[in-house]
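Peer 1: this one's sequence-less:
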DNA sequence: CGCCTAAGGTTGTACGTATAACTTCGGTTT
DNA sequence: AAACCGAAGTTATACGTACAACCTTAGGCG
């Protein structure tokens, strides 16, 4: 590979086309109308093509003081959910000439405190999801335009927020199970300090408190299939009347609950109803298929990016939570 | 948010510390030994801290002609496998002061031809996995240092390659199933033009051809759980003696096969053995747990990054495929 | 006929950084 | 005492781009 050969610059193109560097910049920047003749413009474009010219982004970014690049901070990268968020955000970004850089946060990658050390690219803004408080502080220190995903609107220090209407999702789950006749529940909660999970807990407790005769045991587990198994198993075998339904904070926890149920010889949905949140591919692959709250990850990412663009242009981002939808499948049935 | 206020530059720091801009650059760049007194250096560091100074990366990149940023091109982002690859690559990168930018390729994101339009950051190199030929060509056009993951060593145009020893994985699967007594197979192949899948097909065919009395039906499906169901169902219900084992190109296809088997009333592993490749979380969540080839994604990413660093430093990258390991679980048993 | 204007450019500069080349000065060596 | 030297800086410059401000020429017009 020709490592020594430097890439052509706009000056090289200018020389090849017999014009000044400024003319090249005008033509390729599409600002040439009325300033450069059509013939000359074509000569420039041709020279650029021949030389394989590509503008030096570092120079352009320096000159313009902006990079048209935003950072998407996601909590690890282990599920397709954030892949969807990225896809949606990147699509909207591309429509506006922006790029999206991904930063899967902590756990073993470099200095966890500092997303910006890892993202060497200079940034115009940040979309951050479910972050630890210290990482959030680091970002605020940058005073970069910021949009928070699934974050407490009241506690976001004035940053714009874009949220899924997860409270409504929880209500749908509760309604569904209550109407089937369930009264004794386990809430298998994600052991992650994040607003979106607080909402789940609060909303569920609030709704069930309205119905006399209900009880809820809360169990906690890290978000992973393996992590959920032990918690679910313990909660299911605790003394007292066994709960008839397990409400999980997400689909991975639900998958863990399936495993725990199998170990205990409980059949789903006959002995136990299970619900999740996310609607990952996993949800329809399991047997029986999982009743879960469908989240539109791509739409979520799109809204996040649109909100950031609004902030960047000093417009007010649209408000309103993104609707979610309970998908009733085969993992829920009336208790026996 | 104070959008108008511009960030402090090294000149601002210099002024605050009462030194020249060059001194600031020396101190913060850790090149000051013997050039600046300890006392002055400390004044500079303090001023930088007080002002919240952060170097402008666009300017630095322009000056140095390199970005310490590499691009990791992955085929969509739907599984945890590439999350692992990223994690490994990013860890090694961070150890060497590099950042990794992720580019989940085609399908709905901007101009699919041009990974570089999306990755606005200027790049020092590229790690590319399983790419379509045209994207590869675009990269070669850049003449950027390149490492290919899971790509034909013979056909990579001289680019360095880092590969999993997938051929060995396939041999382990074949050996396992043959020794259980299986003779009639379905090969559920990923419908993706990629070297790693060609290897699976070739190696499997080669091994089975050595054993008299074996037969293989090949079915193809896009890599997704849903996509695999129809293919698997069709292959299982085709006329002729039903195969007793389905060898899947990856775990998602295996999950689809589980669904198809359920629909057809076939029990795993009693009526049908199933194997996968990848060892995703999915594999141990399914019932029964999936016999599959474990791929160490993080190690793969680490090797990829190390190879790229070698190329960047004009060293020869180490060679040798990364070993893989068959995990025998409960989805395989002797045929009845 | 001289002046104005528009077309079609060019010249010059700034963005913020890293570093090569120079300066200054107190102390040492010969 | 002259020459030298290292420490502790400073000055100047280049990276490649975008764009404001300037220049030149030819034609139109009063």
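Peer 2: Nice, thanks for sending it over. Here the structure is a predicted model, which is why all the values come from computation and not from measurement.

Peer 1: tell me the contacts of residue A:241?
Peer 2: Shown in contact with residue A:241 (CB atoms under 8 Å, 6 or more residues apart in numbering or on different chains): residue A:184. Bear in mind the C-beta positions are built from the backbone N, C-alpha and C, glycine included.

Peer 1: show me what from chain A comes close to DNA strand D.
Peer 2: A:6, A:9-11, A:21-22, A:25-26, A:28-29, A:31, A:53, A:55-56, A:59-60, A:62-64 (CB under 7 Å from any atom of the strand).

Peer 1: can you give me the helices for chain A?
Peer 2: A:10-17, A:21-28, A:38-51, A:57-64, A:80-95, A:115-118, A:133-142, A:166-180, A:195-209, A:225-237, A:251-264, A:281-285, A:297-312 (DSSP state H).

Peer 1: residues of chain A that sit close to DNA strand C?
Peer 2: Residues of chain A lying near DNA strand C (CB under 7 Å from any atom of the strand): A:19-23, A:26, A:34-37, A:39-40, A:59, A:62-63, A:65.

Peer 1: pull the most distant pair out of these.
Peer 2: By the measure CB to CB, the residues of chain A next to DNA strand C have their two most distant members at A:39 and A:65, which lie 33.5 Å apart.

Peer 1: okay, the two: which has more neighbours?
Peer 2: residue A:65 (12 against 8; other CB atoms under 10 Å in any protein chain shown).

Peer 1: before we move on, the earlier item: can you flag the buried ones in the residues of chain A next to DNA strand C?
Peer 2: Neighbour-count burial (16 or more other CB atoms under 10 Å in any protein chain shown) applied to the residues of chain A next to DNA strand C gives A:19, A:23, A:26, A:36, A:40, A:59, A:62.

Peer 1: now render these as CSV, adding pLDDT.
Peer 2: Formatted as CSV, those follow (pLDDT from 0 to 100):
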residue, pLDDT
A:19, 96
A:23, 96
A:26, 96
A:36, 93
A:40, 95
A:59, 94
A:62, 94
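
Peer 1: tell me the one of those nearest residue B:154?
Peer 2: Looking across these and measuring by CB to CB, the closest to residue B:154 is residue A:59, at 38.5 Å.

Peer 1: isn't that closest one up against residue B:60?
Peer 2: No. Using CB atoms under 8 Å, residue A:59 is not in contact with residue B:60, being 11.9 Å away.

Peer 1: thinking again about what came up before, rebuild the buried ones among the residues of chain A next to DNA strand C as CSV, extending it with distance to residue A:272.
Peer 2: Below are these laid out as CSV (distance: CB to CB, whole Å):
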residue, distance to residue A:272
A:19, 75
A:23, 73
A:26, 69
A:36, 73
A:40, 76
A:59, 62
A:62, 60
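
Peer 1: just the pLDDT at residue A:100, thanks.
Peer 2: We have a pLDDT of 86 for residue A:100.

Peer 1: contacting residues around it?
Peer 2: So residue A:100 contacts A:69-72, A:86, A:89-90, A:93, A:305, B:118 (CB under 8 Å, 6+ apart).

Peer 1: would you check how far apart it and DNA strand D are?
Peer 2: Separation of residue A:100 from DNA strand D (CB to the nearest atom of the strand, to the nearest Å): 20 Å.

Peer 1: beta-bridge partners for that residue, please?
Peer 2: Per DSSP bridges, the residues bridged to residue A:100 are residue A:70.

Peer 1: any idea how far it is from residue A:25?
Peer 2: Relative to residue A:25, residue A:100 is positioned 26 Å away (CB to CB, to the nearest Å).

Peer 1: how about residue A:11?
Peer 2: With distances taken as CB to CB, residue A:11 is found 10 Å from residue A:25.

Peer 1: out of those two, which sits in the busier spot?
Peer 2: Taking other CB under 10 Å, residue A:11 and residue A:25 do not tie; residue A:25 has more neighbours (18 against 11).

Peer 1: quick one: contacts for the more buried one?
Peer 2: By CB under 8 Å, 6+ apart, the contact list for residue A:25 reads residue A:10.

Peer 1: one more: the one 10 residues further on?
Peer 2: Residues counted as contacts of residue A:35 (CB under 8 Å, 6+ apart) are residue A:26.

Peer 1: report pLDDT for the closest residue to DNA strand C within the stretch 51-200 of chain A.
Peer 2: Here the stretch 51-200 of chain A gets closest to DNA strand C at one residue, residue A:63, 3.8 Å apart by CB to the nearest atom of the strand. You'll see residue A:63 listed with a pLDDT of 95.

Peer 1: quick one: low-confidence parts of the stretch 101-250 of chain A?
Peer 2: Residues of the stretch 101-250 of chain A meeting the criterion pLDDT under 70: A:105-121, A:130-142, A:156-157.

Peer 1: repeat that for 90
Peer 2: Scanning the stretch 101-250 of chain A for pLDDT under 90 picks out A:101-123, A:126, A:128-146, A:151-159, A:192-194, A:224.

Peer 1: what about residue A:286, how many neighbours?
Peer 2: Neighbours of residue A:286 (other CB under 10 Å): 27.

Peer 1: quick check: the gap between it and chain B.
Peer 2: 8 Å (CB to the nearest CB, to the nearest Å).

Peer 1: quick one: that residue and residue A:256 touch, right?
Peer 2: No. Residue A:286 is not in contact with residue A:256 according to CB under 8 Å; the separation is 11.1 Å.

Peer 1: what is in contact with these two at once?
Peer 2: In contact with both residue A:286 and residue A:256: residue B:285, using CB under 8 Å, 6+ apart.

Peer 1: my read: residue A:208 touches residue A:174, true?
Peer 2: Yes. Under the criterion of CB under 8 Å, residue A:208 makes contact with residue A:174 at 6.4 Å.

Peer 1: higher neighbour count, these two?
Peer 2: Neighbour count, other CB under 10 Å: between residue A:208 and residue A:174, residue A:174 has more, with 24 against 19.

Peer 1: contacting residues around the more buried one?
Peer 2: Applying CB under 8 Å, 6+ apart to residue A:174 gives the contacts A:204, A:207-208, A:247.

Peer 1: what's the pLDDT at residue A:46?
Peer 2: Residue A:46 carries a pLDDT value of 97.

Peer 1: coming back round to it: could you dump the contacts of residue A:100 into CSV and include neighbour count?
Peer 2: Compiled in CSV, the contacts of residue A:100 are given as follows (neighbours: other CB atoms under 10 Å in any protein chain shown):
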residue, neighbour count
A:69, 23
A:70, 28
A:71, 23
A:72, 27
A:86, 25
A:89, 30
A:90, 27
A:93, 28
A:305, 29
B:118, 24
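
Peer 1: and of those residues, the nearest to DNA strand D?
Peer 2: Nearest to DNA strand D, judged by CB to the nearest atom of the strand, of the contacts of residue A:100 is residue A:69 at 14.7 Å.

Peer 1: the closest one against residue A:101, yeah?
Peer 2: Yes. Counting by CB under 8 Å, residue A:69 touches residue A:101, with 5.9 Å between them.

Peer 1: so how far is residue A:144 from the nearest residue to residue A:73 once chain neighbours are set aside?
Peer 2: Of all residues not flanking residue A:73 in the chain, residue A:128 sits nearest, at 4.3 Å (CB to CB, 6 or more residues apart in numbering or on different chains). As for residue A:128, its distance to residue A:144 is 10 Å (criterion: CB to CB).
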